[in-house]
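S.K.: Here is a sequence together with a model predicted from it:
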Amino acid sequence: MAQIESFWKKLLPFKRISPVDRYGIKVVTSPAELAVQEYLPSEIKYVLAVRPSRFETFRKILEDGYGIGVRTVEKTPERVLKAVDRISRESQANTVIPWLPDLLRKEDLPIFSEAELRAAEARGVNLYEEARTILAERHEFRKIILIDLHNRCVGPELQKVMAEVNADLYPLSIDAIVHRVIFDNAHTRTEVAQSVIKALLLVGPIAHVLEHFLSGLGKVFAASVDDVLAEVAELFALRGSGFTWRQLIKRSRILIPVFILATYGAFQVEPLIQSGKIAWAGVVFGLSAVALSLTTAIQSIGMYRQSYLKLVKEGKLKLQTGQSLMGLALRQDFTNPARLGLFVGAFCSPLAAASVFVFQPEMASNGWVLALLGSTESVVAGATVIGSTRLERWLFRRKVNRALHGMVFRA
């Protein structure tokens, strides 16, 4: 067994996430760098704009041999993830929005009922202590720090300066913190490489053999298997988020007729090709490949809507002007980049399949190509996950630029 595990680790060398806290750091070490602000990290640029007098303070710090760095977490600390997960499960109907942003932004504790506190205590969980853990760690996600380049200590005066700097930075960082926590709390494991290798090493060869054994059978297999695998993963993800098996079984009732309909559609692909309706064949193949995934995704939004309805009835959530239960459910679900990518991929799948069928008709019988087309939504979801860190950084820079523009406008 150990030899088999070693073989697959060498074959699929995916990067493992470190169980300890890991940080990324960008450092400014020279006073000359302050003069070229377009190259400064966004965080430093922002805190300098908030208090222009800070420019001289930073210049002196750099001249004294210190570096000024921006430190960001690569992954939410496990203790914070556990605290968020416990509060979400025990008291907030498996939701994270809006109680987490309110906790971080206003230090407003979630509403816990006496029954919830007692039930959690019986399981060894103190909900107030979990909330305090989140608050204690909130400044560690995105922080401006001093780096002692000459192995000297950082004195109390400099510590006070940096505390003021981070107090100015923190309000701008809250949305990025919430995004990071929700993303990591979703336990997402989707990656483009995994999707491609799954398609090529597992689904592709089987679909290729079936297609050449009986034309059309490989298409049915390629269109169906990714959805089945995705649904199994979805069930365990939702179970891990706190939903009960009863809720999941109820949710699965509609999936059987959807699966039957999708399978029927997949069986119609080859007859459509034979009748010369190539583009329609591609569209039907793409729709058949994403029907189950799209249905489960829509159902998940519905489950979150029910969770928010429960919170409203319990008096734990008051809808603000312009807010709706569906809007909150969509925000909760789409904050997970894998879910957002799945929706985008589901709409891309019919178009991608139709394009291949029309412009490369010989590929419509290639099992590997069929497997990739059948996994379009998974591939796009994986790409969204991988790109989410860059997207988060881009959104933060955009927010900084808007804030800076507002300062200039007010001035």
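M.R.: That came through fine.

S.K.: CA only for contacts and neighbour counts going forward, please
M.R.: Fine.

S.K.: Give me the distance from stretch 111-119 to the chain's centre.
M.R.: Remark: stretch 111-119 is offset 30 Å from the chain centroid, using C-alpha atoms, centre = their mean, to the nearest Å.

S.K.: what residues does that stretch touch?
M.R.: Residues outside stretch 111-119 that contact it (C-alpha atoms under 8 Å, 6 or more residues apart in numbering): E90, S91, N126, L127, K316.

S.K.: quick one: buried residues of that stretch?
M.R.: For stretch 111-119, burial by neighbour count (16 or more other C-alpha atoms under 10 Å) applies to E116, L117.

S.K.: What of stretch 334-341?
M.R.: F334, T335, N336, P337, A338, R339, L340, G341.

S.K.: now do the same end-to-end measure for stretch 22-34.
M.R.: 27 Å (C-alpha to C-alpha, to the nearest Å).

S.K.: Could you look up the SS state of the residue nearest to S307 when sequence neighbours are not counted?
M.R.: Computed as C-alpha to C-alpha, 6 or more residues apart in numbering, the closest residue to S307 that is not its neighbour in sequence is A93, at 5.3 Å. Three-state call for A93 (DSSP: H, G, I helix; E, B strand; the rest coil): coil.

S.K.: List the contacts of A93.
M.R.: Applying C-alpha under 8 Å, 6+ apart, we find A93 in contact with S307, Y308, K310, L311.

S.K.: one step back: now for the contacts of stretch 111-119, which pair is the farthest apart?
M.R.: Farthest-apart pair in the contacts of stretch 111-119 is N126 and K316; separation 18.4 Å (C-alpha to C-alpha).

S.K.: wait, which of the buried residues of stretch 334-341 is closest to A279?
M.R.: G341 (24.3 Å).

S.K.: got the phi/psi numbers for the closest one?
M.R.: Main-chain torsions, G341, degrees, to the nearest 10: phi -60, psi -30.

S.K.: so it touches V380, yeah?
M.R.: Yes - applying C-alpha atoms under 8 Å, one finds G341 in contact with V380, separated by 5.5 Å.

S.K.: quick revisit: could you dump the buried residues of stretch 334-341 into CSV and include distance to R105?
M.R.: Output for the buried residues of stretch 334-341, formatted as CSV (distance: C-alpha to C-alpha, whole Å):
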residue, distance to R105
F334, 21
T335, 18
N336, 20
P337, 23
A338, 26
R339, 25
L340, 25
G341, 28
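
S.K.: Now intersect those residues with the helices, please.
M.R.: Filtering those for membership in helices, criterion DSSP state H, returns F334, P337, A338, R339, L340, G341.

S.K.: Run through the stretch 151-300 of the chain and note the low-pLDDT ranges.
M.R.: 185-202, 204-209, 211-218, 223, 226-243, 251 (pLDDT under 70).

S.K.: ok, the residue located most distally from the centre of the chain to V369 distance?
M.R.: Going by C-alpha atoms, centre = their mean, the residue of the chain most distant from its centre is S275, 42.6 Å out. In this view, S275 and V369 are 22 Å apart by C-alpha to C-alpha.

S.K.: one step back: could you pick out the buried ones from the contacts of A93?
M.R.: Applying 16+ other C-alpha under 10 Å to those flags S307, Y308, L311 as buried.

S.K.: can you tell me the helix or strand for the second one?
M.R.: Read that as Y308. Using DSSP states H and E, Y308 sits in helix 278-313.

S.K.: Okay, buried residues for that helix please.
M.R.: 278-297, 299-309, 311.

S.K.: Packing partners of that helix?
M.R.: Under the contact definition 3 or more C-alpha pairs under 8 Å, 6 or more residues apart in numbering; DSSP states H and E, helix 278-313 sits against helix 217-240, helix 255-267, helix 269-274, helix 325-334, helix 337-359, helix 367-374.

S.K.: Would you format the ones you listed as TSV with distance to Y46 included?
M.R.: Listed next are the helices and strands packed on helix 278-313 as TSV, based on distance: least, C-alpha to C-alpha, whole Å:
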stretch	distance to Y46
helix 217-240	38
helix 255-267	49
helix 269-274	56
helix 325-334	27
helix 337-359	27
helix 367-374	44
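
S.K.: Distance across stretch 359-367, terminal residue to terminal residue?
M.R.: End-to-end distance for stretch 359-367, by C-alpha to C-alpha: 17 Å.

S.K.: what's the average pLDDT for that stretch?
M.R.: Confidence for stretch 359-367, expressed as mean pLDDT, is 82.

S.K.: And that stretch, what's buried?
M.R.: In stretch 359-367, residues buried by neighbour count (16+ other C-alpha under 10 Å) are A364, S365, N366, G367.

S.K.: so how far is L311 from the residue nearest to L325 when sequence neighbours are not counted?
M.R.: Closest residue in space to L325, ignoring its immediate chain neighbours: R305 at 5.7 Å, by C-alpha to C-alpha, 6+ apart. Distance, R305 to L311, by C-alpha to C-alpha: 10 Å.

S.K.: again, but for Q323
M.R.: 14 Å.

S.K.: Report all helices and strands that the helix or strand where F396 lies contacts.
M.R.: Following DSSP H and E, one finds F396 within helix 376-410. Helix 376-410 sits against helix 42-50, helix 156-185, helix 192-198, helix 337-359, with contacts defined as 3+ C-alpha pairs under 8 Å, 6+ apart.

S.K.: Serialize those to CSV and add fields for distance to A35.
M.R.: CSV is the format used below for the helices and strands packed on helix 376-410 (distance: least, C-alpha to C-alpha, whole Å):
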stretch, distance to A35
helix 42-50, 11
helix 156-185, 19
helix 192-198, 40
helix 337-359, 37
